[in-house]
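J.: I'll drop the sequence and a predicted model, then ask my questions.
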Amino acid sequence: MTKYQPFMQALLWTCKSCGFVYEGGQPKQNCPSCEAYKSSFIDFPQHLEAKVRESYPDVHFNHKFCRTMRLALMAEHNVAAKSRVSGRVLPSVSGEHMNPSDTF
Ligand SMILES: [Zn+2]
């Protein structure tokens, strides 16, 4: 698996409830993993995501290990309080877009 490169990535929409993340575009209506409403999604900081992926380079970034670590980092850095989704529309970048429905 290639090393995570923050500058290459789109926004990291991350579920505050379960740590599920998907890259780019807009939050889905509901979390594909735990079905939390889209207001539960935050834009997870790239430097924290890099820690997650460097810690678990051999599993998918939505593996349970990664999601658990994201939730821990959110708590540790108080991320959820700082970066709420505020309805902004941001462009996605080209690259590896995932389809959440294919992940679980
Ligand atoms: Zn979720």
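T.: Thanks, I have it.

J.: drop to CA atoms for contacts and neighbour counts, all remaining ones
T.: Noted.

J.: buried stuff in whichever helix in the chain runs longest?
T.: Scanning the chain for the longest helix, with DSSP state H as the assignment, gives helix 64-77. Going by neighbour count (16 or more other Cα atoms under 10 Å), the buried part of helix 64-77 is 66-71, 73-74.

J.: can you put the residues you listed in CSV and add distance to the ion and pLDDT?
T.: CSV is the format used below for the buried residues of helix 64-77 (distance: Cα to the ion, whole Å; pLDDT from 0 to 100):
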residue, distance to the ion, pLDDT
Cys66, 13, 97
Arg67, 9, 97
Thr68, 11, 97
Met69, 14, 97
Arg70, 12, 96
Leu71, 11, 95
Leu73, 15, 96
Met74, 14, 93
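
J.: out of those, which comes closest to Tyr22?
T.: Arg67 (11.4 Å; Cα to Cα).

J.: for the closest one, which residues are in contact?
T.: Going by Cα atoms under 8 Å, 6 or more residues apart in numbering, Arg67 touches 18-21, 61.

J.: sorry, back to before: possible to save the buried residues of helix 64-77 as TSV with distance to Gln46?
T.: Output for the buried residues of helix 64-77, formatted as TSV (distance: Cα to Cα, whole Å):
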residue	distance to Gln46
Cys66	14
Arg67	15
Thr68	16
Met69	14
Arg70	11
Leu71	14
Leu73	12
Met74	12
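
J.: flag every residue of the protein that's near the ion.
T.: Residues of the chain lying near the ion by Cα under 5 Å from the ion: 15, 17-18, 31, 33-34.

J.: do that again at 6 Å, thanks
T.: 15, 17-18, 20, 31, 33-36 (Cα under 6 Å from the ion).

J.: show the buried residues in the residues you listed.
T.: By 16+ other Cα under 10 Å, the residues of the chain next to the ion give 15, 17-18, 20, 31, 33, 36 as buried.

J.: mind listing the helices for the chain?
T.: Going by DSSP H, the chain shows helices at 46-55, 64-77, 79-82.

J.: just put those in TSV and tack on distance to Gln26.
T.: Below are the helices of the chain laid out as TSV (distance: least, Cα to Cα, whole Å):
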stretch	distance to Gln26
helix 46-55	17
helix 64-77	19
helix 79-82	17
